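> What follows is a predicted structure for the sequence shown.
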There are 2 protein chains.
Amino acid sequence: MNDRSPTRHGAPDDVFVAHGFEEKLVNLGEIDMNYAEAGSPTKPALLLLPSQSESWWGYEEVMHLLTDDFHVFAVDMRGQGRSTWTPGRYSLDNFGNDLVRFIDQVIGRPVIVAGNSSGGLIAAWLAAYSLPGQIRAAFAEDAPFFASELTPKVGHTIRQAAGHIFVNWRDFLGDQWCVGDYEAYLKAMRNSEIPMLRQVPLPDEAPQNLKEYDAEWARAFYDGTVAQTCPHHTMLAQVKAPVLVTHHFRLIDPTTAGLMGAMSDLQAEKAMELMREAGVKVDYVDAPDAPHIMHALEPERYVGILRDWVSTLPQA
Amino acid sequence: MNDRSPTRHGAPDDVFVAHGFEEKLVNLGEIDMNYAEAGSPTKPALLLLPSQSESWWGYEEVMHLLTDDFHVFAVDMRGQGRSTWTPGRYSLDNFGNDLVRFIDQVIGRPVIVAGNSSGGLIAAWLAAYSLPGQIRAAFAEDAPFFASELTPKVGHTIRQAAGHIFVNWRDFLGDQWCVGDYEAYLKAMRNSEIPMLRQVPLPDEAPQNLKEYDAEWARAFYDGTVAQTCPHHTMLAQVKAPVLVTHHFRLIDPTTAGLMGAMSDLQAEKAMELMREAGVKVDYVDAPDAPHIMHALEPERYVGILRDWVSTLPQA
């Protein structure tokens, strides 16, 4: 009956480093989910979801800033950080259902969820598909609506956008880092057919967050299997809680017509239109000067936007 | 916060007919699940899962036979019977997670799960991936392990097996019955390239169970998307509860080398080997003379097998 203690199955133990909050592990059935907690159970519950190739500790500074006013939970999704790696099983539906279980088993009350990039997609997924009463509101921080699908209903496809990076992770890091050739990845990026990608500053050694990440995620996005049974337009049309959308740096590359950034203006507009037609309040913050991972790189700005929006929500 | 009452979204209301047990509906977030209940909460909980294109009431006779000794729940999965149809979203992971929620919200204690055909796959899914403590044991009644995958690790593919039927449902019934040409389906079956399929007796009018079924299921199986993020060999290797496998009529068609029946002997053996390697007890009943849907066509035989096996399980 699966009454074992949770254990870690992912990157080798010697990959990990200590952080400023205690890490805990909960057995959710298929995976053990790693998370950190800050603040008090007397405050509103807030669940933070990292971006692809990030881990929970990308929110460490944000957690310090929010600790007096929220009960904050920051998690590693399956395949991220210290949560279980699940070969062959990376999908929006599996990411989302892990969190349905986490909210049910660990948080135990309605929660505001905020996720960045793929985490923003998962925040929208939860607003659409979680158990009744679990989600108070969802913050999609620069989420790639449509632009992370292989055959989106609207606009750029994953292979006209972030797929140019993901294909290199797929090929040169590989499923569960089976290739693990970071130098070949650097070389491929520096020789990219996309002029702007060639200019992205990259560290000479694999950064900590990447080492903790199962690069099969990148293949699942590049191949489109991650959203194969979760078309974004279907999901967005079923959102049942208020949503905040922020939209950061983006540009249509004049040399390729490809998308630099999480989603195009057209895609953001269409996503919000579908959610509003579903009957929920959707707020929008246009931040074209902001980096994709605002919560980690500009934590005070991120926290200001989050607080302003939360102040407009109905009480729990 | 999705506090609406459950509503039905599937086949037109006038399709449905009354049955011998009261039908109930529970809001699970994305879908409303239809189910019927028999027996007493003082008895062991038993969850029954229909086969593809079947509805809960295929178990009606079985429910009468078990009502004194079990608390029986028989459900319609998404896209079956009176449960919600979910275009674009039929997958083993979504079917399984619906039941994780149903067990959590409605049954509320450890359960024995028994499913036929695709329902048997889902029983195995639950034994592998549900929340800790939810599943006491799983009965896979003639389940198409491997043989319902597009690229199985072992043996026949879906297109060398039941796919010969599903492709006709896909083409002539269509997603949500958008085509709905049952006569064209009959004609295609009677002209099948598979000699044995031409001899399957089929009613002149669409049977009740088929009319209640979203034929997009058939496309999801034929195209392989239903198991895209749930490889069977990965799932079987993670089973955490005792399993009963029954194996009914099957034959390798000498004219095509294709599989008639749910799975080949090789596939049944490999499935059981993987589950045993996972550390669980696996019982096997070889019933080559039995019809695929034994629980509906030979309910007393089915109940005898079920009772014998349950008597060997550890107490709840």
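Everything's here; your move. Numbers count the residues shown, from 1 in each chain, chains lettered A, B, ... in the order given.

> ok, is stretch A:32-51 in contact with chain B or not?
No - Stretch A:32-51 does not reach chain B (C-beta under 8 Å from any C-beta of the partner chain); its nearest approach is 10.5 Å. C-beta: built from backbone N, CA, C; applies to glycine.

> close to chain B, is stretch A:297-315?
No - using C-beta under 8 Å from any C-beta, stretch A:297-315 stays clear of chain B, with a minimum separation of 9.0 Å.

> So for residue A:2, what's the pLDDT?
With respect to pLDDT, residue A:2 scores 46.

> right, and residue A:52 touches residue A:220 too?
No - if you go by C-beta atoms under 8 Å, residue A:52 and residue A:220 don't touch, sitting 9.8 Å apart.

> Can you tell me, leaving aside adjacent residues, what's nearest to residue A:161?
residue A:259 (4.1 Å; C-beta to C-beta, 6 or more residues apart in numbering or on different chains).

> Could you pull up phi and psi at the one you found?
Per-residue torsions, residue A:259: phi -100, psi 130 (degrees, to the nearest 10).

> Now for it: which residues touch it?
Shown in contact with residue A:259 (C-beta atoms under 8 Å, 6 or more residues apart in numbering or on different chains): A:147, A:155-156, A:160-161, A:250-253.

> Give me every residue in chain A lying close to chain B.
A:1-3, A:27-30, A:87-91, A:93-94, A:97, A:100-101, A:104-105, A:110, A:128-136, A:220, A:225, A:228-231, A:234, A:238, A:240-241.

> returning to that earlier point: mind giving me the PyMOL command for buried ones among the contacts of residue A:259?
This is how PyMOL selects the buried members of the contacts of residue A:259, with burial counted by 16 or more other C-beta atoms under 10 Å in any protein chain shown:
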select buried, chain A and resi 147+155+156+160+161+250+253
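
> before we move on, what SS does the most centrally placed residue in chain A have?
Per C-alpha atoms, centre = their mean, the C-alpha nearest to the average position across chain A is that of residue A:119, at 2.0 Å. Of the three states, residue A:119 takes helix under DSSP: H, G, I helix; E, B strand; the rest coil.

> go on, residue A:197?
Residue A:197 - assigned by three-state DSSP - is helix.

> next one: residue A:21
Applying three-state DSSP: residue A:21 is coil.

> The closest residue to it other than its chain neighbours and chain B, how far apart?
Leaving aside its sequence neighbours, residue A:21 sits nearest to residue A:36 (C-beta to C-beta, 6+ apart; 3.9 Å). From residue A:36 over to chain B the distance is 22 Å, taken as C-beta to the nearest C-beta, to the nearest Å.

> which residues touch the residue nearest to the centre of chain A?
Counted by C-beta under 8 Å, 6+ apart, residue A:119 has contacts A:48-52, A:54, A:77, A:141, A:143.

> Looks like residue A:310 contacts residue A:114 (just checking).
No - counting by C-beta under 8 Å, residue A:310 does not reach residue A:114; the two are 9.5 Å apart.

> how about the strands of the stretch 201-316 of chain A, start to end?
A:243-247, A:250-252, A:259-261, A:282-286 (DSSP state E, counting those that start in this stretch).

> sorry, back to before: higher neighbour count, residue A:310 and residue A:114?
Neighbours of residue A:310 and residue A:114, each counted by other C-beta atoms under 10 Å in any protein chain shown, are more numerous for residue A:114; the result is 29 against 19.

> Report the angle between the strand or helix carrying that one and strand A:243-247.
Under the criterion of DSSP states H and E, residue A:114 resides in strand A:111-116. Computed by axes from the mean of the first three to the mean of the last three C-alpha atoms, to 10 degrees, the angle separating strand A:111-116 from strand A:243-247 equals 20 degrees.

> so what strands line up beside strand A:111-116?
Strand pairing for strand A:111-116, determined by DSSP bridges: strand A:45-49 (parallel), strand A:135-141 (parallel).

> distance of the nearest residue to residue A:264 once chain neighbours are set aside from residue B:18?
Nearest non-adjacent residue to residue A:264, counting by C-beta to C-beta, 6+ apart: residue A:155, 5.1 Å away. As defined by C-beta to C-beta, to the nearest Å, residue A:155 lies at a distance of 48 Å from residue B:18.

> Keeping just the C-alphas, turn the strand holding residue A:114 into PDB.
Taking C-alpha atoms only, strand A:111-116 is exported to PDB below (Å, rounded to 0.1, in the frame of the first residue of the first chain):
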ATOM      1  CA  VAL A 111      -4.400  28.700  -2.000                       C
ATOM      2  CA  ILE A 112      -3.100  31.500  -4.300                       C
ATOM      3  CA  VAL A 113      -0.800  30.000  -6.800                       C
ATOM      4  CA  ALA A 114       2.000  31.900  -8.600                       C
ATOM      5  CA  GLY A 115       4.200  30.300 -11.300                       C
ATOM      6  CA  ASN A 116       6.800  31.500 -13.700                       C
END
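
> Tell me the pLDDT of the residue nearest to residue A:31 when sequence neighbours are not counted.
Distances taken as C-beta to C-beta, 6+ apart place residue A:84 nearest to residue A:31, at 3.9 Å, with adjacent residues excluded. Residue A:84 carries a pLDDT value of 96.

> Any buried residues in stretch A:108-116, and which?
Result for stretch A:108-116 [16+ other C-beta under 10 Å]: buried residues A:110-116.

> would CSV of these with distance to residue A:316 and pLDDT be doable?
Putting the buried residues of stretch A:108-116 into CSV (distance: C-beta to C-beta, whole Å; pLDDT from 0 to 100) gives the following:
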residue, distance to residue A:316, pLDDT
A:110, 6, 98
A:111, 9, 98
A:112, 9, 98
A:113, 13, 98
A:114, 15, 99
A:115, 19, 98
A:116, 23, 98
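
> ok, which stretches of the stretch 151-300 of chain A are helices?
Secondary structure of the stretch 151-300 of chain A, counting by DSSP state H, counting those that start in this stretch: helices at A:163-172, A:182-190, A:195-198, A:208-211, A:216-223, A:232-236, A:265-277, A:294-297, A:299-310.

> Output the contacting helices and strands for the third one.
Using 3 or more C-beta pairs under 8 Å, 6 or more residues apart in numbering or on different chains; DSSP states H and E as the contact criterion, the secondary-structure elements in contact with helix A:195-198 are helix A:182-190.

> any idea of the angle the helix it packs on forms with helix A:163-172?
Going by the same axes, to 10 degrees, helix A:182-190 makes 150 degrees with helix A:163-172.
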